[in-house]
Each structure stands twice: as structure tokens, then as C-alpha cells.
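Participant: Turn this into a structure:
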Amino acid sequence: MSKAEGKETARHRLADDGARAAARGRRRRALVVVTGTVVFAATAVAAVVIVVGGRDHATVGDYKGALAPAVRQRDGSIAMAQPGVTGPVLELYEDFQCPACLALEERQGGTLKELAAQGRAKVVYRPFQLFQQDPLMSNSRRAANAAACAPADQWVQYHDTIYAHQPDEGDTGFTNPQLIAWAGETGITDAEFAACVNGAEKMETVEQVTALAGKAGVNSTPYLALDGRKAGDDVLGSPDALRKAVAEAGGGAPGSGGRSATGTAGTR
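Facilitator: Sure, this is the predicted structure:
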């Protein structure tokens with residue numbers, strides 16, 4: 001091999017290495033807080049399960065039990081709890097485009113609904129924008145905006161429907177026509193919702209929740225907090241461990257009302 005050919009081969013090798021590193025970086029994202037503003041960096045994310053191509057979404061929305069009433073709080077989040085239950089508080093920060101968030105929903109979504117329905121906990125959903133590169137960023141923003149447009153009493157069902165249609169990472173998805181059509185499947189058919197989605201009318205709310213994620217110390221997804229403290233991998237990975245953690249935090253017998261916890265007042 002000539003010296004020139006060797007240099008050319010080395011350049012190709014460096015280019016290939018760079019491309020592989022960039023691909024790895026796109027798959028590893030974490031939150032970084034800079035002067036109170038949320039920005040995103042390609043650093044390692046502590047995700048319990050990373051799901052790649054060929055995902056089966058059949059388990060999303062499999063829960064068939066009762067649902068606790070849901071209200072939209074002033075900060076844009078959705079709180080699901082029985083009347084009078086203020087704690088323990090389970091807060092889920094999630095991005096509809098995030099594969100690991102989908103995996104957590106498949107594994108623990110039914111348990112969260114169950115705990116709220118039984119009066120053992122107050123569950124607060126906080127969809128936000130994690131990704132910073134398109135098409136992922138725009139997918140995330142459109143889905144979070146649509147969720148913010150949905151009425152509280154149909155929100156949980158719509159939340160599950162959005163996840164059931166999560167596009168593969170790197171694909172354009174969660175288009176406005178899709179998000180409107182899927183809402184129709186859950187009974188959200190009014191023109192006001194469609195206008196909200198098409199006009200991105202709740203994007204300010206999405207940005208506010210994203211900023212709140214940074215202020216709350218969210219440093220990975222999926223991120224589940226119990227009374228303000230990040231849940232460990234054992235709790236994320238096991239419905240029984242989640243139930244046990246909630247019980248130890250004061251979420252005892254069904255209908256007990258839970259113990260008092262700080263929360264944000266809600267509005268319908």
C-alpha cells in the first residue's frame with residue numbers, strides 16, 4: 001500500500017469511527033441544567049430498558065381496571081388520584097418519543113393506574129421534551145403539545161394511545177393528522193382539540209414543563225419520583241417493588257386516603 005493510499009484509508013477509518021460515535025451519541029441523551037435552563041447533551045442516560053426496532057406496543061393500555069379521576073394542574077401536568085388523596089406522590093417525567101419511557105409504560109403503567117385507583121397514591125404525569133435533534137425533537141414536541149390539548153377526563157386513555165403509536169427512533173412520526181385521528185379513537189373529537197393541535201397552542205406549556213424537569217433535577221429518562229426523590233432501578237423494574245415503596249411511603253390500605261403531601265392544586 002502506498003503512503004497516499006494509507007492516508008486515504010486512515011481518513012475513511014476516522015470517518016467511520018466518527019459516524020459510529022455520533023450514532024451512539026444520538027442514542028444516549030441526558031438532561032443538563034445550565035443557569036436554570038434545560039439543555040440536552042449526548043451523555044449516558046440511566047435507562048432500565050432500551051427498546052430498539054420492531055417494538056410490540058400491544059401491552060400499552062392493557063390495564064382494564066378502574067381509573068382514578070384525573071385533573072389538569074396549573075403547571076400543565078395531569079394528576080390522577082381519588083378524592084382526598086394527596087400522597088404519596090408519584091411523579092413521572094416522560095417523553096412520548098423516548099423508547100425507555102415506552103418500556104416503563106409497558107411494564108409499570110398499569111401499576112401506576114392501579115395505585116391511584118385504589119387510593120394508595122397520587123400519580124402526576126409530566127410529559128416534556130427530551131430530544132434536541134430532529135426528527136426526534138419535533139416528534140416529541142408535537143406529541144407533548146397534543147397531550148396538553150387533551151381534556152383531563154380523557155387524558156390517560158389518550159396518553160396510552162400516543163405511546164401505542166410511538167415511531168421508531170430516527171423516523172418522523174406523531175404528525176398532527178395522526179395525533180388528531182388517534183384522539184378520535186379515544187373519544188376526543190371536538191374541533192377545539194384539533195385546532196389546538198394544528199396551531200401548537202400548548203407549546204408554551206410543553207416548554208414550561210421541560211424547564212421544570214431541569215429544576216426538579218431530572219437527569220435521565222424514564223424518571224419516576226416518589227415524594228420528590230428519584231426512584232431506583234429496582235422500583236422502576238418491578239411492579240411489586242413499586243407497590244412496596246409506595247406502601248413504605250405511607251400509601252397503605254386502599255381507601256385510606258394516603259398521607260398528606262405537598263401538591264399543586266388542580267383545575268378541570
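
Participant: switch to C-alpha atoms for all contacts and neighbour counts from now on
Facilitator: Will do.

Participant: For my notes, confirm Ala79 occurs in a strand.
Facilitator: Yes - per DSSP: H, G, I helix; E, B strand; the rest coil, Ala79 lies within a strand segment.

Participant: Skipping adjacent residues, who's closest to it in space?
Facilitator: Nearest residue to Ala79, sequence neighbours excluded (CA to CA, 6 or more residues apart in numbering): Val124, at 4.3 Å.

Participant: Note down every partner strand of the helix or strand that neighbour falls within and its orientation.
Facilitator: Mapping Val124 onto the secondary structure by DSSP states H and E places it in strand 122-127. As defined by DSSP bridges, the strand partners of strand 122-127 come to strand 78-80 (antiparallel), strand 89-94 (parallel).

Participant: Residues touching the helix or strand just after it, excluding its own?
Facilitator: Scanning forward in sequence from strand 122-127 by DSSP H and E, the next helix or strand is helix 136-149. The contact list for helix 136-149, computed with CA atoms under 8 Å, 6 or more residues apart in numbering, reads 76, 95-97, 127-131, 155, 158-159, 162, 169-176, 179, 193, 196-197, 200-203, 205-206.

Participant: List the buried residues of stretch 174-189.
Facilitator: Buried residues in stretch 174-189, defined by neighbour count with 16 or more other CA atoms under 10 Å: 174, 176, 179-180, 182-183, 186, 188.

Participant: picking that back up, next up, the contacts around the residue nearest to Ala79.
Facilitator: Taking CA under 8 Å, 6+ apart, we find Val124 in contact with 77-80, 89-92.

Participant: Repeat the analysis, applying 10 Å as the threshold.
Facilitator: By CA atoms under 10 Å, 6 or more residues apart in numbering, Val124 lies in contact with 70-73, 77-81, 89-93, 112, 116, 224-225, 263.

Participant: Please pick the buried ones from these.
Facilitator: 70-73, 77-81, 89-93, 112, 116, 224-225.

Participant: Please verify my assumption that Gly228 contacts Ala249.
Facilitator: No - using CA atoms under 10 Å, Gly228 is not in contact with Ala249; the gap is 11.4 Å.

Participant: Give the residues shared as contacts by these two.
Facilitator: Joint contacts of Gly228 and Ala249 (CA under 10 Å, 6+ apart) are 88-89.

Participant: out of these two, which sits in the busier spot?
Facilitator: Neighbours per residue (other CA atoms under 10 Å) separate Gly228 from Ala249, with Ala249 holding more: 18 against 14.

Participant: Identify the residues contacting that one.
Facilitator: Contacts for Ala249 were tallied using CA under 10 Å, 6+ apart; they are 87-89, 120-121, 226-227, 243, 258-259.

Participant: Can you pick out the most distant pair from these?
Facilitator: Greatest spatial distance among those (CA to CA): Arg243 and Arg259, at 15.3 Å.

Participant: Who has more neighbours out of these two?
Facilitator: Taking neighbours as other CA under 10 Å, Arg243 and Arg259 compare with Arg243 leading, 20 against 17.

Participant: pLDDT averaged over the helix or strand hosting the more buried one - what is it?
Facilitator: Here Arg243, judged by DSSP H and E, is contained in helix 239-248. Regarding helix 239-248, the rounded mean pLDDT is 97.

Participant: Go through it and flag the buried ones.
Facilitator: By neighbour count with 16+ other CA under 10 Å, helix 239-248 contains the buried residues 239, 242-243, 245-247.

Participant: got the angle for that helix vs strand 89-94?
Facilitator: Comparing the axes of helix 239-248 and strand 89-94 via axes from the mean of the first three to the mean of the last three CA atoms, to 10 degrees yields an angle of 140 degrees.

Participant: Contacts made by helix 239-248 with the rest, please.
Facilitator: For helix 239-248, the surrounding residues in contact (CA under 10 Å, 6+ apart) are 87-90, 107-112, 114-115, 120-121, 226-227, 231-236, 238, 249, 251-253, 258.
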